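Participant: Sequence first, then the predicted structure:
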Amino acid sequence: MDNSFGSSMYIDKSKNDTIAAAATAMSTAGIGIIRVSGPDAVQICASLYVNAKGEHDLKTHKANTITFGYIEDRKGNRIDEVMISVFFAPHSYTTEDTVEINSHGGTYLLGRILDLVLQGGARLAEPGEFTKRAFLGGRIDLSRAEAVMDLIASQNEFARKNALAQLEGSVSESVKELRSAILYEMAFIESAIDDPDTYASDLEGYSGRLDGICERLLSRMESLLEIGEKGAVLKEGIRTAIIGRPNAGKSSLLNYLAGTERAIVTEIAGTTRDTLEESVRVRGVQLRLTDTAGIRDTEDRVEKIGIERAKNAIEQSELVLYLIDTSEGITAEDQSIAAILKEWKRELPSVRKCIILLNKSDLPPVTDTNAVRHFFEDADEVLSCSLRTGEGAQKLGITIEKMYHMGELSHQSEAMLTNARHREAVREAYEALSLVRRSIEMGMSEDFFAIDLMNAYTSLGRITGEAVEDDLVEEIFSKFCMGK
Amino acid sequence: MNYFIDTDVCVIGAGHAGCEAALASSRLGYRTVLFTMNVDSIAMMPCNPHIGGSSKGHLVREIDALGGEMAKNIDKTFIQSKMLNISKGPAVHSLRTQADKAEYSKAMRRVLENQENLTIRQVEVTDILTQYDLERIANEKSENDPVSGPAEHDEKPRVAGIKIHTGTIYTCKAAIICTGTYLNARCLVGESITETGPGGMQRSTWLKDSMEHLGIPLRRFKTGTPARMDGRTLDYSKMKIQPGDRVVVPFSYSTDPADVQIEQVPCWLTYTNEETHEIIRQNLDRSPIYAGIIEGTGPRYCPSIEDKVVKFSEKSRHHVFIEPEGRFTNEMYVDGMSSSMPDDVQQRMYRTVPGLENCVIVKNAYAIEYDCINANQLKLSLETKAVEGLFCAGQFNGSSGYEEAAAQGLIAGINAVNKIRGREPLILERSEAYIGVLIDDLVTKDNREPYRMMTSRAEYRLLLRQDNADLRLRKYGYREGLITQDQYDYVCYKEKMIREETERLKKIRIGAAASNQEILHALGSAELKTACTLAELICRPELSYEKIAPLDPDRPDLSKDITEQVEINIRYEGYIDRQKKQVLQFEKLEHRKIPAWIDYDDVGSLRNEARQKLKAFLPSSIGQASRISGVTPADVTVLLIYLEKNRGKKNSSGTSGASGTENIE
């Protein structure tokens, strides 16, 4: 790379440059913070900051103090009164020299100050870049860094709270607990193998003891996975399918859901197919409606059918809202759908839910909730409503809220493995410990347990980054959008 | 006036490391001189009388697979043999023999003396000479030469010769230091201190200054050995007899099993007791370690009886094994009671042990202190980072044990030759051999005491079994030139037969016919409900390859070493597969080489400690970097990201090369 002014200079961030960004929202809020981090942070800010006496004295400030002063532009015009703090490497969030400028906030003021910092030689930070540096500096482990990224990307209240809990280390703590329990057993076995004379007596009845320990750890992982699974659904939004025969009221339900709250309806272009996915919030629970394009397409036309279509929609969902026209009753098609639903629920009964809505309660009924409940034994709830008059429709929202234990889960003090990568790692560890139990059952000798204990230990370590593996780097690259 | 003798390789020290090193280089066709303080101490066993044992037995098998001598030599001279841990899995089975010490030493000397290209010289080596030293010597010689300024050290120093005490210089291309516990040794029996090497041998002293001159600092380690008793004074009726195995398995793949079914000599087991411990506790202030006389660091895994009593105070007794030193000597080795207590304390403490009440000491237990290096100064090839062509092996590298020494000697010998012939060094990975684990641990980790091989140090031990060392390593021995075509062909044939027989057993199904059920019934095994494969039957704990022979009339006629592998492969398939997966993961980081151009100052976000360590070690791969103490997973991640970002950048400026050995060819 001879051309030192070429674009390659820009991409190469191996040597850290100085970055800056507003650490609070660029809004009309009463206070705003600009954070500057990197080798030149103090230098850059020192030329902008003067103390109450008008002196450029930032370089003499003690670490971790907060001082009153002013930000001036290059011509010496005072922009704002500020409180300023200096942190020196490695004792800062990013582990680099860091300056934080607390200003009066407001989009204009914050923007001016940030501009001055950037003109002074800093670069505008990418989303999550402060966290990336904190992670690379060894200040936070991988699961916490991921929590920050989740926080930035969170779209709903649940996701936000959950990311905060993870940031506080709820996940790394649980993982560390599991790991240290496994490590203890590994160490015991290793020492026994090395020194059979000394440990022979300790090994008596050991496999029974280990079996009990594995059982306990496995049930702990099981509950971590289960809660995590639910949490993930809430965090990502629940993939929801609306199905039903033509004219049962699918588009009415869609419109009703979209209109219930001043809910943000985001439109995300489908990644694999050319469909739209819409996201609605019902009493704080985020629903991602799948294949809504299909509903809109076909409702207007005379429909051929869609068992196949319904099947696809069901398979991709965690929640199925199934509409039945009370005035028409249960048909042969409904029988086929019932079979599909049964199969679908059986695979993941704790995660997959189905609500049946008996629509058009304002018309003369052919069937009732009891009959339907009897017919669809797998339905989690059967509600009667009229989407046209709105009668009984609010029950749907209440049901969904209850069904996902919104209140319960969001007050969960436990670690919640909402990150799919973390769950995958725990699942691998679960497999490995199950194999240990199988070896015990088969009466294998202790040295065989070590292999699977090691696998469990390593898998869990991937969550916090304590086990380094090549693939992890890929993961990190994708998280932090780092230019290769 | 200087006298010059030209050779290729100089090996300094004729212990277990030196013997293997000298045999390897001379067998590979390079003129080798083996220097020893005393020819009577060649391949001496100054401590315990075993070869092998837990994990050490693995090393001996691996040495044999690569073409070393130790296994062959012990097969000729053992007096008892035992396969340890047979109640456990095959990973921890380990062969241990009792050697006839004198015979072992003599047999090895005979092999050395008759080896082509090899000469033995009894003399102390005083200096390692580099090309600059030879230049200086040459200049001093001729007075008419113009005085040249100080040598321009733009080229890395490399070994050019060694100087012996008589002043004679051997010019050579590579040198291997294997001084064991001889360098600046002192032996301590309580307050009685002698400046001798092991077993009362004369110590060496001169090399210390030479090493410092080369910029290779030394450090001091300590080890110890128990007393030898007059066997006539022991009462064996109070001890438990420890016989050898009824059928002996030889160590070497080349030894005919029929040749090792000899009459064996028993060992004896007895125990220390509270009385023993009380005597030790009362005299701790007279032990050189506890009195602070010994500065060296001793091994935790081979503790003296004083250490055991202090550190495991909750134990009311410790094992003591009484082992013969040879077939034609009365001397008995008191395994488990090494000590550096004064003679009077030794006399009293040994006599508290059942069976030793009237014991007479022939040789006192003693502690020995010696100079060695921190092996962090070596590359994985065992070449020093400071001086090209200078290799180190054995206890001088901070290890302990005959087998550990021999393994390093063999590798150093091979790599000294590779250096001369311009080939890549032989570096075994942790996933391939205990030798790989041993050398990587020594070179990479922070060892503060003599390093002893242990089963638990090998992460992938189910793959690194003592029964498959030939399948793992013969190919390397062949590639280097220490294994013959015939030997190699046999391993290839063996591999093929194992594969074919394993596949056959997985394919052939046995039906639930009455005749089959009858056979199973007779073998004490459950009847078949449906048809199953022969392999599935072998997996039943009560059955084996041997036992199901009546159900398998068409099986090919295969030798025991092949069917043993087949059986292990089938029986432990799931575990072996999982361990292989672990190895794949491990190898990913191991094969992620750190390019030579890396500048750790340029890697942002590295913690300072890690940066210092990495700069000092210059690890060859990410895997090796991750094992350096003081380098955390976060640091490794930082390093991986840095390499990923700079991938392909400085491609032109050099490839990695595991040991950094430059190759011309």
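Facilitator: Arrived safely, thanks for sending.
Participant: quick one: the strands in the stretch 351-500 of chain B?
Facilitator: In the stretch 351-500 of chain B, the strands defined using DSSP state E, counting those that start in this stretch lie at B:361-363, B:366-373, B:390-392.
Participant: Just checking: what are the partner strands of the first one?
Facilitator: So that's strand B:361-363. Paired neighbours of strand B:361-363 in the sheet (DSSP bridges): strand B:228-230 (antiparallel).
Participant: for the helix or strand just after the strand it pairs with, packing partners?
Facilitator: If you walk from strand B:228-230 toward the C-terminus, the next helix or strand you reach (DSSP states H and E) is strand B:240-242. Strand B:240-242 is packed against strand B:267-271, with contacts defined by 3 or more CB pairs under 8 Å, 6 or more residues apart in numbering or on different chains; DSSP states H and E. For every residue, glycine as well, the C-beta is placed using N, CA and C.
Participant: before we move on, back to that, between the strands of the stretch 351-500 of chain B, which one is closest to A:Lys53.
Facilitator: strand B:366-373 (61.1 Å; CB to CB).
Participant: Give the buried residues for the helix or strand containing A:Ser223.
Facilitator: A:Ser223 is part of helix A:206-236, with elements assigned from DSSP H and E. Using 16 or more other CB atoms under 10 Å in any protein chain shown as the burial criterion, the residues of helix A:206-236 that qualify are A:206-207, A:210-211, A:213-214, A:217-218, A:220-221, A:224-225, A:227-236.
Participant: For the very next helix or strand once past that helix, which strands pair with it and how are they oriented?
Facilitator: Moving toward the C-terminus from helix A:206-236, the next helix or strand (DSSP H and E) is strand A:238-244. In the sheet containing strand A:238-244, the strands it pairs with under DSSP bridges are strand A:285-289 (parallel), strand A:319-325 (parallel).
Participant: export strand A:238-244 as PDB, just CAs?
Facilitator: The C-alpha trace of strand A:238-244 is given here as PDB (Å, rounded to 0.1, in the frame of the first residue of the first chain):
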ATOM      1  CA  ILE A 238     -43.600 -13.100  17.400                       C
ATOM      2  CA  ARG A 239     -43.900 -14.500  13.900                       C
ATOM      3  CA  THR A 240     -47.700 -14.600  13.500                       C
ATOM      4  CA  ALA A 241     -49.800 -16.100  10.800                       C
ATOM      5  CA  ILE A 242     -53.400 -15.100  10.100                       C
ATOM      6  CA  ILE A 243     -55.200 -18.000   8.400                       C
ATOM      7  CA  GLY A 244     -58.700 -18.900   7.600                       C
END
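Participant: relative to helix A:206-236, how tilted is it?
Facilitator: If you take axes from the mean of the first three to the mean of the last three CA atoms, to 10 degrees, strand A:238-244 sits at 70 degrees to helix A:206-236.
Participant: after strand A:238-244, next one along is what?
Facilitator: Moving toward the C-terminus from strand A:238-244, the next helix or strand (DSSP H and E) is helix A:250-260.
Participant: Please state the offset of that next one from the chain centre?
Facilitator: Between the centre of helix A:250-260 and the centre of its host chain there is 27 Å, according to CA atoms, centre = their mean, to the nearest Å.
Participant: counting contacts, what elements does that helix pack onto?
Facilitator: Where contact means 3+ CB pairs under 8 Å, 6+ apart, helix A:250-260 is packed against strand A:238-244, strand A:276-282, strand A:285-289, helix A:292-299, strand A:319-325, strand A:353-359.
Participant: buried ones in that helix?
Facilitator: Of the residues in helix A:250-260, those buried under the neighbour-count criterion (16+ other CB under 10 Å) are A:250-254, A:256-258, A:260.
Participant: Can you report how many residues lie near B:Asp371?
Facilitator: Residue neighbour count, defined by other CB atoms under 10 Å in any protein chain shown, stands at 22 for B:Asp371.
Participant: so it makes contact with B:Ile216?
Facilitator: No. Counting by CB atoms under 8 Å, B:Ile216 is not a contact partner of B:Asp371; they are 11.0 Å apart.
Participant: ok, now which ones touch the single nearest residue of the stretch 151-300 of chain B relative to chain A?
Facilitator: When scored by CB to the nearest CB, the stretch 151-300 of chain B has B:Leu269 as its residue closest to chain A, at 10.0 Å. With contacts defined as CB atoms under 8 Å, 6 or more residues apart in numbering or on different chains, B:Leu269 is in contact with B:239-242, B:319-322.
Participant: Just among the residues you listed, which is most surrounded?
Facilitator: The member of the contacts of B:Leu269 that has the most neighbours, counting by other CB under 10 Å, is B:Ile322 with 25 neighbours.
Participant: Can you list the neighbours in contact with the host helix or strand of that residue?
Facilitator: Assigned by DSSP H and E, B:Ile322 belongs to strand B:319-324. By CB under 8 Å, 6+ apart, the list of residues contacting strand B:319-324 from outside reads A:197, B:48-50, B:79, B:98, B:229, B:231, B:234, B:236, B:239, B:242, B:265, B:267-272, B:331-337, B:353, B:355.
Participant: ok now do the closest residue to chain B within the stretch 201-350 of chain A, which residues does it touch?
Facilitator: Scanning the stretch 201-350 of chain A for the residue nearest chain B gives A:Leu203, at 10.0 Å (criterion: CB to the nearest CB). With CB under 8 Å, 6+ apart as the criterion, the residues that contact A:Leu203 are A:192, A:446.
Participant: about what we covered before: any chance of the strands of the stretch 351-500 of chain B in JSON lines, plus mean pLDDT?
Facilitator: JSON lines is the format used below for these (pLDDT from 0 to 100):
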{"stretch": "strand B:361-363", "mean pLDDT": "96"}
{"stretch": "strand B:366-373", "mean pLDDT": "95"}
{"stretch": "strand B:390-392", "mean pLDDT": "98"}
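Participant: Tell me which of those strands sits most buried.
Facilitator: Looking across those with neighbours counted as mean count of other CB atoms under 10 Å in any protein chain shown, the highest average goes to strand B:390-392: a mean of 28.
Participant: Distance from the chain centre to it, please.
Facilitator: Using CA atoms, centre = their mean, the distance between the centre of strand B:390-392 and that of its chain works out at 16 Å.
Participant: and B:Ile176, that's in a helix?
Facilitator: No. Membership of B:Ile176 in a helix is not supported by DSSP: H, G, I helix; E, B strand; the rest coil, which gives strand.
Participant: rewinding a little: partner residues bridging the residue of the stretch 151-300 of chain B closest to chain A?
Facilitator: Here B:Leu269, judged by DSSP bridges, has bridge partners B:Lys240, B:Phe321.
Participant: can you pull the pLDDT of it?
Facilitator: B:Leu269 is assigned 95 on the pLDDT scale.
Participant: And A:Asn162, by the same measure?
Facilitator: At A:Asn162, the predicted lDDT confidence score is 74.
Participant: Ok, A:Ala241 next?
Facilitator: So A:Ala241 comes in at 87 (pLDDT).
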